[in-house]
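**Q** Just the structure for this:
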Amino acid sequence: MIRKRTAFTLAAALLAVAPAAVFAQTKPTFLVVGTFHFEGSASDLLGNSMPDTLSEKRQKQIAEVVDALARFRPTKVAIEYPVGHAKVQEAYQAYLDGQRELKPSETEQIAFRLAKKLGHKKIWPVDHKHDMDFDSLMQAVQKYGQQSYFEQAMAGGKAYVGETQRRLDQETVGSALRFMNDPKELATGHGMYLLMAQVGATGDAKGAEVVGGWYQRNLYIFSNLVRLIESPEERVLLVIGAGHAKLVRDYIQESPNLHLEETGEYLP
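**A** Residues are numbered from 1 along each chain as shown. As a prediction, this is how the structure comes out:
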């Protein structure tokens, strides 16, 4: 237990160094846009892809998404690239200068387009790389005969990915993103991680260790997002893989000095 004197000392120190935005009545506002990786991802166990991203049909659908997100009026657009990533800034600048075509990634098709549409001079990488050790997790699954946890997690994940793909194939990009960003669907998807966290045994909580790294990565992303705040009127929009969206949303929503808006309100 923290002693009262220690707690008061810590509180006083935090008050002395806290930025003004922490105490402002107007809270910095965030919008988290969870998405699938348009080009697919070799590091994801499950995922969707959209090989026809550059087709006329998809370009029209993506433009509709960007137009809808612009209604949020973000002051900064953040992306899933490591903090300080110089090449992504160079790529964005070349796009602004008309010297580079957009690649078919969600970062460029959504975030770059949106930032340019709003006249932003910079794009803001906020990721913190920390790959999950699935190999050690699967070794623990085999060691302790806990295949049921993994099978249940994969069944839920496949259903989520399957419905997203159905919407992509039969409806629109906006429809797929609306489904992915529904808070109920995000919570269901996050359940896959909590099933994996149960893998292991007393003294060998391998699942908790691996999933704990995932939580840590998302806390770093949240921390990097907060550091973009320069005034209480800041409005930050984050484009990121949907697997991150539940945790990052929770961290924002439960922070007393921040405000989260619902993504579905800004999708076509």
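
**Q** pull the CA atoms of the longest helix out of those in the chain into CSV?
**A** Longest helix in the chain by number of residues (criterion: DSSP state H): helix 147-170. The C-alpha trace of helix 147-170 is given here as CSV (Å, rounded to 0.1, in the frame of the first residue of the first chain):
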residue,chain,number,x,y,z
GLN,A,147,-5.7,-26.3,-27.6
SER,A,148,-9.3,-25.4,-26.7
TYR,A,149,-8.3,-21.9,-25.8
PHE,A,150,-6.5,-21.4,-29.1
GLU,A,151,-9.3,-23.1,-31.1
GLN,A,152,-12.0,-20.9,-29.5
ALA,A,153,-9.9,-17.7,-30.1
MET,A,154,-9.4,-18.7,-33.8
ALA,A,155,-13.1,-19.4,-34.3
GLY,A,156,-14.0,-16.0,-33.0
GLY,A,157,-11.3,-14.4,-35.1
LYS,A,158,-12.4,-16.1,-38.2
ALA,A,159,-16.0,-15.1,-37.8
TYR,A,160,-14.9,-11.4,-37.3
VAL,A,161,-12.6,-11.5,-40.4
GLY,A,162,-15.2,-13.4,-42.4
GLU,A,163,-17.9,-10.8,-41.8
THR,A,164,-15.5,-8.0,-42.6
GLN,A,165,-14.6,-9.7,-45.9
ARG,A,166,-18.2,-10.3,-46.8
ARG,A,167,-18.9,-6.6,-46.4
LEU,A,168,-15.9,-5.8,-48.5
ASP,A,169,-16.9,-8.2,-51.2
GLN,A,170,-20.6,-7.5,-51.3
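
**Q** Which residue ranges of the stretch 51-200 of the chain form helices?
**A** Remark: helices assigned in the stretch 51-200 of the chain by DSSP state H, counting those that start in this stretch are 56-69, 86-96, 106, 113-117, 134-143, 147-170, 173-180, 183-197.

**Q** could you redo those as CSV and give each row mean neighbour count and distance to residue 240?
**A** Bear in mind the C-beta positions are built from the backbone N, C-alpha and C, glycine included. Output for the helices of the stretch 51-200 of the chain, formatted as CSV (neighbours: other CB atoms under 10 Å; distance: least, CB to CB, whole Å):
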stretch, mean neighbour count, distance to residue 240
helix 56-69, 17, 13
helix 86-96, 15, 14
helix 106, 25, 9
helix 113-117, 20, 14
helix 134-143, 15, 20
helix 147-170, 16, 15
helix 173-180, 22, 11
helix 183-197, 18, 12
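
**Q** Tabulate these (a markdown table), appending distance to residue 223 and mean pLDDT.
**A** Output for the helices of the stretch 51-200 of the chain, formatted as a markdown table (distance: least, CB to CB, whole Å; pLDDT from 0 to 100):
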| stretch | distance to residue 223 | mean pLDDT |
| --- | --- | --- |
| helix 56-69 | 24 | 98 |
| helix 86-96 | 19 | 97 |
| helix 106 | 23 | 96 |
| helix 113-117 | 22 | 98 |
| helix 134-143 | 25 | 94 |
| helix 147-170 | 27 | 92 |
| helix 173-180 | 24 | 97 |
| helix 183-197 | 20 | 94 |
